[in-house]
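A.B. asks: I'll drop the sequence and a predicted model, then ask my questions.
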Amino acid sequence: MTDASTRPVTLRAGTRADIPALTAIYNHYVEHTVVTFDTTPFTPAEREAGWFVHYAPAGRHRLLVAETSGDVVGYATSSPHRPKAAYETSVETTIYLHPDATGRGIGRILYAELLDSLQTEDVHRALAGVALPNDASTALHERLGFTALGTFREVGRKFGRYVDVRWFERPIG
């Protein structure tokens, strides 16, 4: 990947053709960080069948991709918060960037676009969990209008240590 800081960012709905690049980005975080609590890398086929299939270009559950010069450099999603019907107007949001694309403002642009796109949908609340410590993600959520709700202490265990998760919320619409 070349320097993303000097290239314009294009945002678009994710497609099946993006699955290999999106899987590679996600697997970096699976293998090297506590950002996700998945512990085993995925194949593109597994990501398509168990993850990609519930996203649509419009509606509450979206997959938005960022690319620079044709390279996929990140993605943001809005997914069901919980499977019960009363939760349907709440979504859980997340964002992942290629490690070479962090710290350049791409995440802010991508995440803000996802949140803006939800304004026209029947979405009332966006929720996000941030594994701690993660100062960059905490700052991003706060800059985009999320408020910290509380911290689940030692709720996950990865790489032989327990990890806290801070939950954030943001009104939509």
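C.D. replies: Okay, I see it. Because the structure is a prediction, the values reported are computed rather than measured. Numbers count the residues shown, from 1 in each chain.

A.B. asks: looking at it, residue 138 is touching residue 131, isn't it?
C.D. replies: No - counting by Cβ atoms under 8 Å, residue 138 stays clear of residue 131, with 10.4 Å between them. Just so you know, the C-beta spots here come from the backbone N, C-alpha and C atoms, and that holds for glycine as well.

A.B. asks: So what touches the worst-scoring helix or strand of the chain on mean pLDDT?
C.D. replies: Lowest by mean pLDDT, DSSP states H and E among the helices and strands of the chain is helix 44-50, with a mean of 95. Helix 44-50 has contacts (Cβ atoms under 8 Å, 6 or more residues apart in numbering) with 16, 19-20, 22-23, 26, 42.

A.B. asks: closest to residue 152 among those?
C.D. replies: Nearest to residue 152, judged by Cβ to Cβ, of the contacts of helix 44-50 is residue 26 at 21.9 Å.

A.B. asks: ok, the closest one - contacts?
C.D. replies: Applying Cβ under 8 Å, 6+ apart, the residues near residue 26 are 36, 38, 42, 47, 96.

A.B. asks: mind redoing it with 10 Å?
C.D. replies: 35-36, 38, 41-42, 47, 51, 75, 94, 96 (Cβ atoms under 10 Å, 6 or more residues apart in numbering).

A.B. asks: Just the mean pLDDT for whatever helix or strand it lives in, thanks.
C.D. replies: Assessed by DSSP states H and E, residue 26 sits inside helix 19-32. The average pLDDT within helix 19-32 is 98.

A.B. asks: Please save the CA atoms from that helix in PDB.
C.D. replies: Output of helix 19-32 as PDB, limited to C-alpha atoms (Å, rounded to 0.1, in the frame of the first residue of the first chain):
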ATOM      1  CA  ILE A  19     -14.400  -9.100   0.600                       C
ATOM      2  CA  PRO A  20     -10.800 -10.300   0.200                       C
ATOM      3  CA  ALA A  21      -9.400  -6.800   1.000                       C
ATOM      4  CA  LEU A  22     -11.900  -6.300   3.900                       C
ATOM      5  CA  THR A  23     -11.000  -9.700   5.300                       C
ATOM      6  CA  ALA A  24      -7.300  -8.900   5.200                       C
ATOM      7  CA  ILE A  25      -7.900  -5.600   7.000                       C
ATOM      8  CA  TYR A  26     -10.000  -7.300   9.700                       C
ATOM      9  CA  ASN A  27      -7.600 -10.300  10.100                       C
ATOM     10  CA  HIS A  28      -4.800  -7.900  10.900                       C
ATOM     11  CA  TYR A  29      -6.800  -6.800  14.000                       C
ATOM     12  CA  VAL A  30      -7.800 -10.400  14.800                       C
ATOM     13  CA  GLU A  31      -4.200 -11.500  14.800                       C
ATOM     14  CA  HIS A  32      -2.400  -8.500  16.300                       C
END
